[in-house]
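Trainee: Quick check, what structure comes out for this input:
(one chain, ligands or ions: 1)
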Amino acid sequence: MNLPAQHPLNDGRTAESRLVRAYRGERPEVTPVWFMRQAGRSLPEYRELRVGTAMLDACLTPELASEITLQPVRRHGVDAGIFFSDIVIPVKLAGVGVEIVPGRGPVVEHPIRTAADVLALRPLDPAALEPITRAVELTVAQLGSTPLIGFAGAPYTLASYLVEGGPSKDQLRTRTLMYSDPHTWAALLNWCADVTGQFLRAQVLAGASAVQLFDSWVGSLSEQQYVRRVAPHSKRALSHLRGLDVPRVHFGVGSGELLHAMHAIGVDVMGVDWRIPLDEAERRLGGGVPLQGNLDPALLGAPLPVLEAHVLDVLDRGMLAPSHVVNLGHGVPPETDPDVLTRIVELVHSR
Ligand SMILES: Cc1c2[nH]c(c1CCC(=O)O)Cc1[nH]c(c(CCC(=O)O)c1C)Cc1[nH]c(c(CCC(=O)O)c1C)Cc1[nH]c(c(C)c1CCC(=O)O)C2
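Mentor: Numbering: from 1, shown residues only. Model prediction:
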């Protein structure tokens, strides 16, 4: 491994954690669990800390980003922290005007739609990643033997925000660009792959013990277009982790038809949304792939006995995979009662 000697995976702090073992395909006695968007608006302590600070400013203030990352770990006893940041941070650090509008998501000042727009994109100066490095270092020092998961947005999902200028239902303009101007498309996705790959590498070098590549909106693509026009760029993003032996997780919403192709870019673990059961995901992947997921976030608001039965069903189906990390099929909805998340952690750990 080319990880720094004092890296948590190298110095033994996290290598034997339940999460890292499960990501490597072992079955620890207790199934690990964490939640996408575990840090954030479901927590009153998060809302309190965020008062008066814009989302992306919070991400770039190391002490704040670190504290927000730690909050759900302390509160719920989850098996990992997920670094508090956002997929658009590397885009912003490369000089693109982007902010996060509360309740809406990332909004880009000048959407990127033409060859000239793509040509004008600047590379990311590695020095700009300093606040990320610092925040990760502060966080892993506090986490001790609990692993930190680093993450980044995959090129397609990032490009969808750049082209649409904000959140969109089915990435229509983005897909139109993909069909109409393959050269501009490839240049844009390569740029996204490099900034997002640099962001990912910085987190691992600073101490993250695993990474998750979020291709959240990949479900709007056909498998054929994914393989031809997107997968090579996702691979390129991961190539920035060359020489760094950390488990790689890949996840997209509505990606049931793409599981096999998404796994084939060279990842260790597949995240599954709630639309197909884990035994079906296992079948589609042809067996042998560790799985993560896939509680339906809608059930967080259901009566406790209904939710608990669902958790047990997901655990049962996960037994068919070589290993399983419990998570939601997408992020924690902001209106979730945080005690419900704590209850899920207790239930998973008690089985
Ligand atoms: C698509 C995407 C984005 N950002 C992210 C993705 C991929 C994951 C997914 O599919 O949800 C990734 C992300 N964004 C955030 C995290 C933090 C870590 C965690 O999961 O706890 C992670 C992993 C913080 C955040 N990122 C955002 C928030 C909410 C903003 C706030 O609290 O003010 C948080 C906690 C903002 C954001 N950023 C983005 C969206 C769609 C939104 C939501 C808009 C809203 O509902 O307000 C883009």
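Trainee: can I assume residue 198 is in contact with residue 129?
Mentor: Yes. With contact taken as C-beta atoms under 8 Å, residue 198 and residue 129 are classed as touching, separated by 6.7 Å. Glycine gets a C-beta too; all of them are placed from N, C-alpha and C.
Trainee: Find the residues that touch each one of those two.
Mentor: With contacts taken as C-beta atoms under 8 Å, 6 or more residues apart in numbering, residue 198 and residue 129 have residue 90 as neighbours in common.
Trainee: Around the nearest residue to residue 229 once chain neighbours are set aside, how many other residues sit close by?
Mentor: What sits nearest to residue 229 in space, not counting adjacent residues and going by C-beta to C-beta, 6 or more residues apart in numbering, is residue 178, at 5.4 Å. Under the neighbour criterion other C-beta atoms under 10 Å, residue 178 is assigned a count of 23.
Trainee: need the residues of the stretch 201-350 of the chain near the ligand, please.
Mentor: Within reach of the ligand by C-beta under 6 Å from any ligand atom, the stretch 201-350 of the chain has these residues: 214, 216, 331.
Trainee: My guess is the last one contacts residue 41. True?
Mentor: What it means is residue 331. No. The pair residue 331 and residue 41 does not pass the contact test of C-beta under 8 Å, sitting 10.1 Å apart.
Trainee: quick one on the thing from earlier: now name the helix or strand holding the residue nearest to residue 229.
Mentor: Remark: residue 178 resides in helix 172-180, with elements defined by DSSP states H and E.
Trainee: Now the element after that helix, going C-ward?
Mentor: helix 182-205.
Trainee: residues of that following helix that come out buried?
Mentor: Residues of helix 182-205 classed as buried under the neighbour-count rule (16 or more other C-beta atoms under 10 Å) are 184-185, 188-189, 191-205.
Trainee: try stretch 144-151
Mentor: When neighbours are counted by 16+ other C-beta under 10 Å, the buried residues of stretch 144-151 are found to be 146, 147, 148, 149, 150, 151.
Trainee: how about the helices in the stretch 101-250 of the chain?
Mentor: 115-119, 130-143, 155-164, 172-180, 182-205, 223-225, 231-239 (DSSP state H, counting those that start in this stretch).
Trainee: Looking at those helices, which is nearest to residue 69?
Mentor: Counting by C-beta to C-beta, residue 69 lies closest to helix 130-143 out of those; the figure is 5.0 Å.
Trainee: can you list contacts of the closest one?
Mentor: Taking contacts as C-beta under 8 Å, 6+ apart, the residues outside helix 130-143 that touch it are 8, 60-63, 65-66, 69-70, 73, 81, 83-85, 89, 148, 150, 199, 202-203, 205-208.
Trainee: And stretch 110-125, by the same measure?
Mentor: Applying C-beta under 8 Å, 6+ apart, the external contacts of stretch 110-125 come out as 90, 93-97, 159, 162-165, 173, 177, 181, 183-184, 187-188, 191, 194-195, 198-199.
Trainee: Does residue 292 belong to a helix, a strand or coil?
Mentor: Judged by DSSP: H, G, I helix; E, B strand; the rest coil, the three-state class of residue 292 is strand.
Trainee: Close to the ligand: what parts of the stretch 51-200 of the chain are there?
Mentor: Contact residues (C-beta under 6 Å from any ligand atom) of the stretch 51-200 of the chain with the ligand: 55, 82, 84, 86-87, 100, 102-106, 151, 153, 157, 167.
Trainee: what's the closest of those to residue 231?
Mentor: Of all those, residue 157 has the smallest distance to residue 231: 13.2 Å, by C-beta to C-beta.
Trainee: quick one, what contacts that closest one?
Mentor: Neighbouring residues of residue 157 by C-beta under 8 Å, 6+ apart: 87, 214, 215, 216, 217, 218, 252.
Trainee: beta partners for the residue of the stretch 51-200 of the chain found nearest the ligand?
Mentor: Minimum separation of the stretch 51-200 of the chain from the ligand (C-beta to the nearest ligand atom) falls at residue 105, amounting to 3.5 Å. In this entry, residue 105 is beta-bridged to residue 101, by DSSP bridges.
Trainee: so it makes contact with residue 168?
Mentor: No. Taking C-beta under 8 Å as the definition, residue 105 is not a contact partner of residue 168, at 9.7 Å.
Trainee: measure residue 4 to residue 44 for me?
Mentor: Computed as C-beta to C-beta, to the nearest Å, the residue 4 to residue 44 distance reads 36 Å.
Trainee: okay, the two: which has more neighbours?
Mentor: Taking neighbours as other C-beta under 10 Å, residue 4 and residue 44 compare with residue 4 leading, 15 against 10.
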